[in-house]
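Engineer: predicted model follows, preceded by the sequence.
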There are 2 protein chains.
Amino acid sequence: MIDEASSRREPLVLVVEDEPQLMRFLRATLPAHGYRVLEAATAAQALVQAETRQPDLVLLDLGLPDLDGLEVTRRIRGWSAVPIVVVSARGQERDKVAALDAGADDYLTKPFGTDELLARMRVALRHATRVGSGQGEASFESGDLRVDLAARLVYRRGVEVRLTRTEYRLLAALVKHAGKVLTHRQLLVEVWGPGSANETHYLRVYMAQLRHKLEDDPAQPRWLLTETGVGYRLRTD
Amino acid sequence: MIDEASSRREPLVLVVEDEPQLMRFLRATLPAHGYRVLEAATAAQALVQAETRQPDLVLLDLGLPDLDGLEVTRRIRGWSAVPIVVVSARGQERDKVAALDAGADDYLTKPFGTDELLARMRVALRHATRVGSGQGEASFESGDLRVDLAARLVYRRGVEVRLTRTEYRLLAALVKHAGKVLTHRQLLVEVWGPGSANETHYLRVYMAQLRHKLEDDPAQPRWLLTETGVGYRLRTD
DNA sequence: CGCCGTCTTGATGCCCTCCTGACGCTTCGG
DNA sequence: CCGAAGCGTCAGGAGGGCATCAAGACGGCG
């Protein structure tokens, strides 16, 4: 499970990054915002550190010299549920999606701003504690949207919303991993089964329907967010 | 769940016993003390009877020819809370304990007297009704529909409604989880037993009957709602 | 043993959900 | 500046689920 450090002291972040410049930047920035930093410049170092130090979060650059970032994600996920935020350069879309499919929680595209970085890290950490301690929260609430997974009921401004079976399954998949980016593949597998893992068109149609039923302005969604080229995300907060 | 017959008529007891002598004795004794008797000489018969007739109590001999009494207990407990009293010969202590672990309510050791038998049965039945009614809401009320699970009475606008056994079981299942969606499977298992888990047609027929007896406009139900592709739900309001 | 109520099973028509295709828009890269 | 790819939207057709009616099978009861 997650290291207990998080509950007592500042979160421990394992930064896996081979670019000295970026590493220097992170080494200075993160402690200033209440994080302790653990460094790794290669995949091999990263795996050792992750295992021996049990960090609260992993910030993982995909462009590593020795091993694929995807493989690192896969190996860590083999025994740990620690949140993983992958960092990708432009043109690494494929690796990024693969890492998310393998269980990464979120992603950042270079170059990224400090605010965005910190925001993603906060969300990932919050998501981890929710899943870890809440043990399968049976409901989701945010603004005037409420989802009761136990009763299979959805409310918008307190008014019950009627969803079809597929609409509800899709929403439930997002709720179960609220705040986390879910790839097309993950959603398709969870809702339509492994046989439809490539039918991304289904997602577009049903996302549109969900937005029409749940959002004030379906064209500019507040909760059901599109992650272009990657998948979708349910905004928490 | 438990057959509701007990509140209106004599309790139905499923006697699982392969010794003809003892069976003859019980067949004569139990009716004389206000029980109706259902017979089974093998585990296979017992399971079929338990499922199709839904007795109020099971009197289960552990020394059966075909299957372990322990296994019978386990299978019945898989879907029903009917009280089970196991009957064991001397030297079967181990099986007896295992049966209790598997969910049996009490035990008798051969040879046993009539008084002891009747006492154990009364206790088991009392315990069942106490748990059955005490657990969760004992009644449901919403608008002009009222369901009293303890008394097995249903009122509409204050007037008592006559329901058949199956109609009532179905309504009771919905009342026990009022407000939540129950899947076809859940309802079928609770009302008809696990063997009929796929007979969704039963549900439609009995839902229609319940709606005709309880709803103002059966075509547009206020309480007995359809969740297409999923199941049914009793609106709490 | 026969009657009556209940349960099961079948057949039919309707409506809704799901899937699918076409099209326009935006974004990104050449 | 243009083409490609990803996304959102709309609408129609096919299929499946649902409600309903009706008749036969079953079991309880007198």
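Structural biologist: Great, that's in hand.

Engineer: quick one, what contacts A:Ala41?
Structural biologist: With contact set as C-beta atoms under 8 Å, 6 or more residues apart in numbering or on different chains, A:Ala41 has these partners: A:16-18, A:23. In short, each C-beta sits where N, CA and C put it, glycine included.

Engineer: again, only using 6 Å
Structural biologist: Going by C-beta atoms under 6 Å, 6 or more residues apart in numbering or on different chains, A:Ala41 touches A:Asp18.

Engineer: and the contacts of stretch A:57-71?
Structural biologist: Residues from elsewhere that reach stretch A:57-71 (C-beta under 6 Å, 6+ apart): A:13-18, A:42-44, A:82-89, A:92, A:95, A:98-99, A:102, A:124-125.

Engineer: got a ChimeraX select line for the buried ones in those residues?
Structural biologist: Provided next is the ChimeraX selection string for whichever of those are buried by 16 or more other C-beta atoms under 10 Å in any protein chain shown:
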select /A:13,14,15,16,17,18,43,82,83,84,85,86,87,88,92,95,98,99,102,124,125
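
Engineer: list the beta-bridge partners for the nearest residue to A:Arg152 once chain neighbours are set aside.
Structural biologist: Spatial nearest neighbour of A:Arg152, excluding adjacent residues (C-beta to C-beta, 6 or more residues apart in numbering or on different chains): B:Val181 at 4.1 Å. Under DSSP bridges, the beta-bridge partners of B:Val181 are B:Arg233.

Engineer: how much space separates B:Val181 from A:Glu160?
Structural biologist: Going from B:Val181 to A:Glu160 by C-beta to C-beta, to the nearest Å gives 12 Å.

Engineer: about what we covered before: the residue nearest to A:Arg152 contacts A:Ala150, doesn't it?
Structural biologist: No - contact criterion C-beta atoms under 6 Å: B:Val181 and A:Ala150 do not qualify, at 9.4 Å.

Engineer: now check the lengthiest helix in chain A, is it near DNA strand C?
Structural biologist: What stands out as the longest helix in chain A, according to DSSP state H, is helix A:114-134. No - interface with DNA strand C: helix A:114-134 contributes nothing (C-beta under 7 Å from any atom of the strand), its closest point being 14.8 Å away.

Engineer: mind listing what's buried in that helix?
Structural biologist: In helix A:114-134, counting by 16+ other C-beta under 10 Å, buried: A:117, A:120-121, A:123-125, A:127-128, A:131.

Engineer: go through these and name the one nearest DNA strand C.
Structural biologist: A:Arg120 (18.0 Å; C-beta to the nearest atom of the strand).

Engineer: element containing A:Gln21?
Structural biologist: helix A:20-32 (DSSP states H and E).

Engineer: which is the next helix or strand following that helix?
Structural biologist: strand A:36-40.

Engineer: how about the strands of chain A, start to end?
Structural biologist: Counting by DSSP state E, one finds strands in chain A at the ranges A:12-16, A:36-40, A:57-61, A:84-88, A:106-109, A:139-142, A:145-148, A:153-156, A:159-161, A:181-183, A:224-227, A:231-234.

Engineer: how about CSV for those strands, with distance to A:Leu214 added?
Structural biologist: Shown next, in CSV, are the strands of chain A (distance: least, C-beta to C-beta, whole Å):
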stretch, distance to A:Leu214
strand A:12-16, 34
strand A:36-40, 39
strand A:57-61, 30
strand A:84-88, 27
strand A:106-109, 22
strand A:139-142, 11
strand A:145-148, 6
strand A:153-156, 6
strand A:159-161, 7
strand A:181-183, 17
strand A:224-227, 7
strand A:231-234, 10
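
Engineer: thanks again, I'm all set now.
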